[in-house]
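Colleague: output the structure for:
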Amino acid sequence: MAYLNESKDFTTIATVEVRRAFLSAPESKELLKAHTRLYKWTQHPLVGEYGITPWWSVVDALKLKTGTTVPSLQTLHEWCSRLGVDEREYARVRSAVTEQWNTMSKPLFIELTQPVWAWIGKVSGQKKNTADPQVFLIGGNYQLWLPNLTIQHVKQIAALPYLQPR
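Modeller: All right, here's what the predicted structure looks like:
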C-alpha cells in the first residue's frame, strides 16, 4: 500500500513559497506513523478554505533518519519556562509566522489516522509584519510539511492535555 506523498518529490511539488519556508531545504522526508500527534497555533479551523493546512509541529520528539531529534512540545514548555516567555509568542518568532498570515489565537491538535510522508526541516526567518521591515522573526523551529492531507488522514484531538507542562 502506498502512503500519502510517498511517490512525491519535494523539488517537483513544492512551490517557491514552500521552498522559502525552509531554512535551506527540508532535512529529511520521513514516514510518520498512524497516531502521530501534531499541533500548531492558528486562527483557522482544521479544514479551511484551502483544505487542511500542510504546516505542523510535533507533540512528541521525533528522531529523523539523519540522526537529528526534533524537539517535543514538552521541550518547548521547558524552554519557554526557563526564558520566562509566552509560548504562543515564542512559537511565532521561532516558526516565523507573520501577523498578516495568522493571529495564532488558539492551539490546534491532530492525530494521524494512517501513516503519511512528511518533509521536515528548519523554518526560515522573515519579517514579523510585512509593513514593518525593522522586526525580523528568526525562525529555526523544526516544521513538518504534509501536503495533500484530507480528513481521511487526520482527526482533531483535544488540546488541553498537551498545553500544560508535565
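Colleague: burial of the nearest residue to K33 once chain neighbours are set aside, as a residue count?
Modeller: Excluding its sequence neighbours, the residue lying closest to K33 (Cβ to Cβ, 6 or more residues apart in numbering) is P115, at 5.6 Å. C-beta: built from backbone N, CA, C; applies to glycine. Per other Cβ atoms under 10 Å, the neighbour tally for P115 reads 16.
Colleague: quick one: low-confidence parts of the chain?
Modeller: 164-166 (pLDDT under 70).
Colleague: quick test: name the residue nearest the centre of it.
Modeller: W56 (2.3 Å; Cα atoms, centre = their mean).
Colleague: nearest spatial neighbour of it, chain-adjacent residues omitted?
Modeller: L38 (3.9 Å).
Colleague: same check on V58?
Modeller: V70 is the one closest to V58 (Cβ to Cβ, 6+ apart), at 5.4 Å.
Colleague: how about the one you found, phi and psi?
Modeller: phi -80, psi 120 (degrees, to the nearest 10).
Colleague: where's it relative to V16, distance?
Modeller: Distance of V70 to V16, given as Cβ to Cβ, to the nearest Å: 25 Å.
Colleague: of these two, give the one with the bigger neighbour count.
Modeller: More crowded of V70 and V16, by other Cβ under 10 Å: V70, with 22 against 7.
Colleague: fine, thanks again, bye for now.
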